[in-house]
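Chemist: Provided below are the primary sequence and the corresponding predicted coordinates.
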Amino acid sequence: MVRSYITLIMLVLLATAAVGCGDGEQLQLDVQNALAKHTEMNNYRFSGSANLALERPDGDWSSNPLTAGILTMITNGQLSWEGIASVEPVRMELLLKLTPHSSSQAIDIPMLIKDNKMYLHIPAINEPEQYYEINLDQLSEMSSTDNPLSVKQLGNAGQLFSSIFQKIVSSVNPKRFEEITGKDADLRSINITLNQKHVEEAIDIWFTAVPEIMKQLNDAGYIQPKTEQAWEQKLSQANYRNWIERSDEITLNQPLTLLMKLDDEGYVRESHMKADITATDKKTTTKTWSVDVVNRYDDINQNPAFTQPIPTNVKPFSDILEFMSGKQNP
C-alpha cells in the first residue's frame, strides 16, 4: 500500500514532464538523449528537495496511526534528501528529512543498502543507533507481495527511469521546448512549460502515457498487479472523454514546468518540476495538488566515497511489517 501511494506521487511528477510551450525539435532530441544517458550512470551523488501538498491518503490505507502519519508526511510536507549510489554492485546511502506541514521540526530517516540488505532507521519507533535490517531476498515471504523490492530491481532503476521519461518526452509537441539562459554557465537549461490553454493537451498525454507507465512499473516490480488494474479503470476511455469535456474545470494556479539542466557530457544534472492544480470532480468536490521538486546529480561516474558504517544494532524487518499492519507494537 505504501509503495502504491508513493507511485501515485511519482505519476503526478511525471505528468509535469509531459507538457510545455516553445519551439525546437533539436531541444526535444537533446532531452531524449540526456535521458538515455541516465543508464550510463554507474555511481553518483544525489540530492534534492520537495514541497508537496497532495490529496491525503484515504482512511483505508492503514489502520495504524504511525503508518498513516508517515504517509501524510510524505504526501503533505517538505522533504529533502542526499546520498550516494552505485549500480554495480548495488549500494546506496541516503538521508531523508521529513518536515510535516505546520511543523518546523524535521525528522531524519537514514537508509543504507549493501550486500543485498537494506538498513532503515525510523526515529519514532527505533532506539538511537538502532536500525531495521531487511534481507531483500526474504522480503517476498515477509511482505506477502507478488513483486517485492530486490537488488536487481534497484540496479535497473536507471533504465526504468530512462524508459518512462523517454516515452513521455517523445509524445510532447516540440514547440513546447525552450532553451533559456540560466545562472549555471556550465550547464544547458531546457524548459518545458504548460499554460492554462494547454490543459486538454495535458489530459491527452496523461491518458495516453500513464497506462504504459503503470505496465512498466508492474513489470519491474514497483507496484502490484492490482494497482495496475485499478489505474486501467481510472484511465478508461469513458473517463478520458469525461475529463476532456470538463477541461475548463481544471485550473492551473501557475504554469506547469519542468526545467532540465544538462552538462557538457549530456547528462541531466538537475531537474526542477512545478505543478499547482485545482480541479473539480463529478461530485463537485474541489481538490488542489501542489508539487515543487528539485533533484540533482553530482560526481557522476567519479566513484564518490561511501562513509556510513553498516549498523550493528539491528532488528528484523518482520517486526515492522507486523507493526505497520497493526498486529503488534514495535
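Modeler: Arrived safely.
Chemist: where along the stretch 1-150 of the chain do the helices fall?
Modeler: 2-16, 25-36, 65-75, 139-143 (DSSP state H, counting those that start in this stretch).
Chemist: do I have it right that residue 163 meets residue 217?
Modeler: No: using CB atoms under 8 Å, residue 163 is not in contact with residue 217; the gap is 10.5 Å. (C-beta placed from N, C-alpha, C; glycine too.)
Chemist: strands of the stretch 151-300 of the chain, start to end?
Modeler: 177-180, 188-194, 250-252, 256-262, 268-280, 286-298 (DSSP state E, counting those that start in this stretch).
Chemist: let me see the mean pLDDT of the first one.
Modeler: When you say that, I think you mean strand 177-180. Mean pLDDT, computed over strand 177-180, is 91.
Chemist: any chance of the strands of the stretch 151-300 of the chain in CSV, plus mean neighbour count and distance to residue 123?
Modeler: Formatted as CSV, the strands of the stretch 151-300 of the chain follow (neighbours: other CB atoms under 10 Å; distance: least, CB to CB, whole Å):
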stretch, mean neighbour count, distance to residue 123
strand 177-180, 17, 41
strand 188-194, 21, 38
strand 250-252, 16, 37
strand 256-262, 22, 33
strand 268-280, 19, 28
strand 286-298, 16, 24
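Chemist: of these, which is nearest residue 241?
Modeler: Residue 241 lies closest to strand 250-252 among the strands of the stretch 151-300 of the chain, at 14.7 Å (CB to CB).
Chemist: where does pLDDT dip in the stretch 101-250 of the chain?
Modeler: The model of the stretch 101-250 of the chain has pLDDT under 70 over residues 138-158, 182.
Chemist: one more time with 50, if that's ok
Modeler: Residue ranges of the stretch 101-250 of the chain with pLDDT under 50: 143.
Chemist: so residue 51 bridges to which residues?
Modeler: For residue 51, the beta-bridge partners are residue 78, residue 292 (DSSP bridges).
Chemist: give the contact list for it.
Modeler: The contact partners of residue 51, by CB atoms under 8 Å, 6 or more residues apart in numbering, come to 77, 78, 290, 291, 292, 293.
Chemist: if we only consider those residues, which is nearest to residue 84?
Modeler: residue 293 (20.0 Å).
Chemist: just the helices in the stretch 201-330 of the chain please.
Modeler: Under DSSP H, counting those that start in this stretch, the stretch 201-330 of the chain gives helices at 225-234, 237-245, 317-324.
Chemist: out of the ones you listed, nearest to residue 95?
Modeler: helix 317-324 (19.1 Å).
Chemist: circling back to that earlier point, worst mean pLDDT among the helices of the stretch 1-150 of the chain?
Modeler: Among those, helix 2-16 carries the lowest mean pLDDT (a mean of 45).
Chemist: returning to what we had before: and residue 35, which of the strands of the stretch 151-300 of the chain is closest to it?
Modeler: Proximity to residue 35 (CB to CB) singles out strand 268-280 among the strands of the stretch 151-300 of the chain, at 6.6 Å.
Chemist: packing partners of that closest one?
Modeler: Contacts defined by 3 or more CB pairs under 8 Å, 6 or more residues apart in numbering; DSSP states H and E place strand 268-280 against helix 2-16, strand 250-252, strand 256-262, strand 286-298.
Chemist: for it, which strands pair with it and how are they oriented?
Modeler: strand 250-252 (antiparallel), strand 256-262 (antiparallel), strand 286-298 (antiparallel).
Chemist: who wins for proximity to residue 94 among those?
Modeler: strand 286-298 (12.9 Å).
Chemist: can you list the strands of the stretch 151-300 of the chain in JSON lines and add distance to residue 31?
Modeler: Putting the strands of the stretch 151-300 of the chain into JSON lines (distance: least, CB to CB, whole Å) gives the following:
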{"stretch": "strand 177-180", "distance to residue 31": "7"}
{"stretch": "strand 188-194", "distance to residue 31": "6"}
{"stretch": "strand 250-252", "distance to residue 31": "22"}
{"stretch": "strand 256-262", "distance to residue 31": "6"}
{"stretch": "strand 268-280", "distance to residue 31": "8"}
{"stretch": "strand 286-298", "distance to residue 31": "15"}
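Chemist: do you know which of those strands lies nearest residue 49?
Modeler: strand 286-298 (5.4 Å).
Chemist: average pLDDT for that closest one?
Modeler: Mean predicted lDDT for strand 286-298 stands at 88.
Chemist: just stretch 38-46 next, same as before
Modeler: pLDDT averaged over stretch 38-46 gives 90.
Chemist: and it, how far from the chain's centre?
Modeler: 17 Å (CA atoms, centre = their mean, to the nearest Å).
Chemist: hang on, the earlier thing: nearest to residue 225 among the strands of the stretch 151-300 of the chain would be which one?
Modeler: Nearest of these (CB to CB): strand 286-298, 26.1 Å.
Chemist: who touches that closest one?
Modeler: Strand 286-298 has contacts (CB under 8 Å, 6+ apart) with 12-13, 16, 41, 44-55, 253, 267-281, 304.
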